[in-house]
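> here are the coordinates; sequence isn't available:
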């Protein structure tokens, strides 16, 4: 029984490592195609609209309410130590460093990774990808690369817009509910917010966008078994991209702020 348990554990570990290796090779192959033509600019433009523009409402609403709730929580906690004045600076730093990119990335993962995996998975099970290959069109070039490039470019923009909206949400709560002066709140935000805080969030946004798109394309390409297979691929894409976003967020935070 012990040997069977160890064997099953070993098979699970080997399968997991094989999956990680396949995903890494897929991501590396995607990056390698950046330097080789042809480029499908129309597909890139469509992907920019679908990933960037159409994700803006959900990212903006998430940032707005997060900024407001964060201001209330920081004020309630700071009141215990007579430190209510730190609300503007902590809201700005917390949003730009962590909450803005992480929540934005997770919302994009929920919306975009599932959509990409479902779309490509449907093409896979209906043999449309095989038809592309028959027509001498590289599926990696036509399907994966435009989506990955669009997500990598557009998610930092979404993070920047989300940061601004989130800070505005904290500002509205601060002057409307917490009796802050508008000028004092904005001045406090500007005084304590550094360029490194904003840049780190934008870099995280680019990495998260890359993760979301590659994960969605990878699981979509590997889907099989009809509608149920597409459903499994969609679920795995969302779960995997969310976990990878949280893990890479820790690594990037170590890189930027370990000192």
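Cool, got the structure. The shown structure was predicted, so the numbers you read here are calculated from the model rather than taken from an experiment.
> Contact partners for residue 26?
Each residue near residue 26 by CB atoms under 8 Å, 6 or more residues apart in numbering is listed here: 214, 217, 218, 221. C-beta here means a position set from N, CA and C on the backbone, and glycine is covered the same way.
> Identify the residues contacting the closest residue to the first one other than its chain neighbours.
In space, and not counting its chain neighbours, residue 214 is closest to residue 27: 4.9 Å by CB to CB, 6 or more residues apart in numbering. Residues near residue 27 by CB under 8 Å, 6+ apart: 210, 214, 218.
> wait, doesn't the last one sit right on residue 20?
Put plainly, it is residue 218. No: when contacts are counted by CB atoms under 8 Å, residue 218 is not listed as touching residue 20 (11.3 Å).
> Who has more neighbours out of these two?
residue 218 (26 against 10; other CB atoms under 10 Å).
> Next up, the contacts around that one.
Residue 218 touches 22, 23, 26, 27, 237, counting by CB under 8 Å, 6+ apart.
> In TSV, list these along with secondary structure.
As requested, the contacts of residue 218 are exported to TSV (DSSP: H, G, I helix; E, B strand; the rest coil):
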residue	secondary structure
22	helix
23	helix
26	helix
27	helix
237	helix
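> Among those residues, which one sits closest to residue 87?
Nearest to residue 87 out of the contacts of residue 218 is residue 237 (CB to CB; 37.6 Å).
> so how far is residue 116 from that closest one?
Residue 237 sits at a distance of 7 Å from residue 116 (criterion: CB to CB, to the nearest Å).
> Same check on residue 193?
On the measure of CB to CB, residue 193 and residue 116 end up 34 Å apart.
> Now do stretch 110-121: everything it contacts.
By CB under 8 Å, 6+ apart, stretch 110-121 touches 50-51, 55, 58, 129, 143, 147, 151, 212-213, 215-217, 219-221, 223, 229-230, 233-234, 236-238, 241-242.
> With stretch 78-93 instead?
67, 70-71, 74-75, 166-167, 170-171, 174, 178, 180, 185-186, 188-189, 191-193, 197.
> With stretch 144-152 instead?
Outside stretch 144-152, the residues that reach it (CB under 8 Å, 6+ apart) are 30, 33-34, 39-40, 43-44, 46-48, 50-52, 108, 112, 116, 206, 209-210, 212-214, 216-217, 221.
> From those residues, which land in helices?
The subset of the contacts of stretch 144-152 located in helices under the criterion DSSP state H comprises 30, 43-44, 46-48, 50-51, 108, 116, 206, 209-210, 212-214, 216-217, 221.
> Going through those, which ones are buried?
Using 16 or more other CB atoms under 10 Å as the burial test, the ones in helices among the contacts of stretch 144-152 include 30, 43-44, 47-48, 50-51, 108, 116, 206, 209-210, 212-214, 216-217, 221 as buried.
> quick one, what contacts residue 193?
The contact partners of residue 193, by CB under 8 Å, 6+ apart, come to 89, 92, 93, 96.
> Report the buried members of the residues you listed.
Counted by 16+ other CB under 10 Å, the contacts of residue 193 give 89, 92, 93, 96 as buried.
> With distance to residue 120 and pLDDT as added columns, please give these in CSV.
Output for the buried ones among the contacts of residue 193, formatted as CSV (distance: CB to CB, whole Å; pLDDT from 0 to 100):
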residue, distance to residue 120, pLDDT
89, 43, 89
92, 38, 91
93, 38, 92
96, 33, 93
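> tell me which of those residues is nearest to residue 7?
Of all the buried ones among the contacts of residue 193, residue 96 has the smallest distance to residue 7: 48.6 Å, by CB to CB.
> Let me know the secondary structure of that closest one.
Relying on three-state DSSP, one would call residue 96 helix.
> wait, doesn't it sit right on residue 197?
Yes: contact criterion CB under 8 Å: residue 96 and residue 197 qualify, at 4.5 Å.
> low-confidence ranges in the chain?
259 (pLDDT under 70).
> Work out for me the element the residue most central in space within it sits within.
By CA atoms, centre = their mean, the mean C-alpha position of the chain lies nearest to residue 105, the distance being 2.5 Å. Take DSSP states H and E as the rule and residue 105 turns out to sit in helix 100-108.
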